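Q: Build the 3D model from these lines:
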Amino acid sequence: MSRRIIYKIRQADGPPVPDAQWDEVMKLQHWYNSEFLWSSGRIAFKRYALFPNTEEFSDLGQSIWEIIAAREDKLRRDGCSDTETIEQLERDRLVFVKWGGYFDGCHASGFTRTADNEWNAFLVCDFLLKASVVAPEATFYVHDEGNFIKTGSVKLRAGAVIVPAHQFRIPSFVEELTKDRHVFSVVDPDKYARHPALRNIIPDFNRLEPDERKTVLKNWNWLGYGDGYDTEGDDRKGFDLNKKVRDFRLEA
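A: Numbering: from 1, shown residues only. This next block holds a predicted model:
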């Protein structure tokens with residue numbers, strides 16, 4: 001699968017985000033997804049994942065999604081909140097709900113496929129940093145399968161970055177990054193202005209000769225683990241997310 005940035009608000013880290021704050025986080029998410037270009041995936045922070053009950057609602061001559069949409073629209077017009085709407089859809093057996101999003105043990109969770117588009121990685125983390133200010137009592141756990149987050153994982157809380165030093169074999173490396181306030185890579189957005197969209201299908205791949213397959217896969221680099229930075233994990237010029245961080249803390 002494509003390289004991801006994973007984000008969670010874990011149940012073990014505290015209570016859920018209040019509805020009013022979560023609404024603001026969702027507005028912010030919608031703005032990021034609408035305002036910027038995404039080559040692999042968009043931001044998808046969710047408090048729940050829905051699965052339609054196709055077994056009980058498959059022979060009604062109407063799409064299950066149309067039935068769900070009509071019921072959801074009525075509930076919202078009746079003044080139900082987002083949570084109340086989903087709870088009622090669940091009681092109506094129209095949907096099965098996985099509360100907490102994609103990952104277990106969470107109040108909310110999600111991930112964004114970024115592949116080798118480091119500008120998209122920047123945007124995801126920029127959104128999450130702002131979201132942590134909108135919901136200052138929540139702890140946002142963020143893990144990068146690539147290299148934008150130099151430490152791999154961080155926690156965000158009220159605009160601050162908390163680096164869990166205990167999970168690294170070389171604590172001095174993490175301590176230095178935290179001390180230097182340089183946990184995130186500098187990214188030049190111009191390098192990604194014409195970045196191709198992620199493909200998960202190569203036409204006629206099975207008909208290619210072995211050497212051709214190797215060439216396609218090497219050039220494709222869809223996993224996005226390659227180092228596309230100019231020097232030492234940073235671009236020579238660009239946006240520096242570290243400058244937006246209110247504080248850097250080392251978690252023992």
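Q: And the strands in the stretch 151-252 of the chain?
A: Using DSSP state E, counting those that start in this stretch, the strands found in the stretch 151-252 of the chain span residues 153-157, 160-164, 247-251.
Q: Val133 and Leu250, how far apart?
A: Relative to Leu250, Val133 is positioned 21 Å away (C-beta to C-beta, to the nearest Å). Glycine gets a C-beta too; all of them are placed from N, C-alpha and C.
Q: low pLDDT regions in this structure?
A: 1, 60, 166-170, 198-203, 205, 213-226 (pLDDT under 70).
Q: Helices along that one, start to end?
A: Counting by DSSP state H, the chain has helices at residues 19-35, 64-77, 82-91, 118-134, 171-179, 210-220.
Q: closest to Val186 out of those helices?
A: Among the helices of the chain, helix 118-134 comes nearest to Val186, with 9.1 Å by C-beta to C-beta.
Q: okay, the helices of the chain, which one's buried deepest?
A: Highest mean neighbour count among the helices of the chain (mean count of other C-beta atoms under 10 Å): helix 118-134, with a mean of 23.
Q: chain center to it, what's the gap?
A: Distance, stretch centre to chain centre, for helix 118-134: 9 Å (C-alpha atoms, centre = their mean, to the nearest Å).
Q: Run through the neighbouring helices and strands of it.
A: strand 4-10, helix 19-35, strand 140-144, strand 153-157 (3 or more C-beta pairs under 8 Å, 6 or more residues apart in numbering; DSSP states H and E).
Q: Quick one: work out the angle between it and strand 153-157.
A: If you take axes from the mean of the first three to the mean of the last three C-alpha atoms, to 10 degrees, helix 118-134 sits at 30 degrees to strand 153-157.
Q: quick one, helix 118-134 and helix 19-35 angle?
A: Going by the same axes, to 10 degrees, helix 118-134 makes 160 degrees with helix 19-35.
Q: then helix 118-134 to PDB, C-alphas only?
A: Extracted as PDB, the C-alpha positions of helix 118-134 are listed here (Å, rounded to 0.1, in the frame of the first residue of the first chain):
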ATOM      1  CA  GLU A 118       6.000  15.500   0.900                       C
ATOM      2  CA  TRP A 119       4.000  18.600   0.300                       C
ATOM      3  CA  ASN A 120       0.800  16.500   1.000                       C
ATOM      4  CA  ALA A 121       2.600  15.200   4.100                       C
ATOM      5  CA  PHE A 122       3.200  18.800   5.200                       C
ATOM      6  CA  LEU A 123      -0.400  19.700   4.700                       C
ATOM      7  CA  VAL A 124      -1.700  16.700   6.800                       C
ATOM      8  CA  CYS A 125       0.600  17.600   9.700                       C
ATOM      9  CA  ASP A 126      -0.200  21.300   9.400                       C
ATOM     10  CA  PHE A 127      -3.900  20.500   9.700                       C
ATOM     11  CA  LEU A 128      -3.300  18.300  12.700                       C
ATOM     12  CA  LEU A 129      -1.200  20.900  14.400                       C
ATOM     13  CA  LYS A 130      -4.100  23.400  14.000                       C
ATOM     14  CA  ALA A 131      -6.600  20.800  15.000                       C
ATOM     15  CA  SER A 132      -4.700  20.400  18.300                       C
ATOM     16  CA  VAL A 133      -5.200  24.100  19.000                       C
ATOM     17  CA  VAL A 134      -8.900  23.900  18.200                       C
END
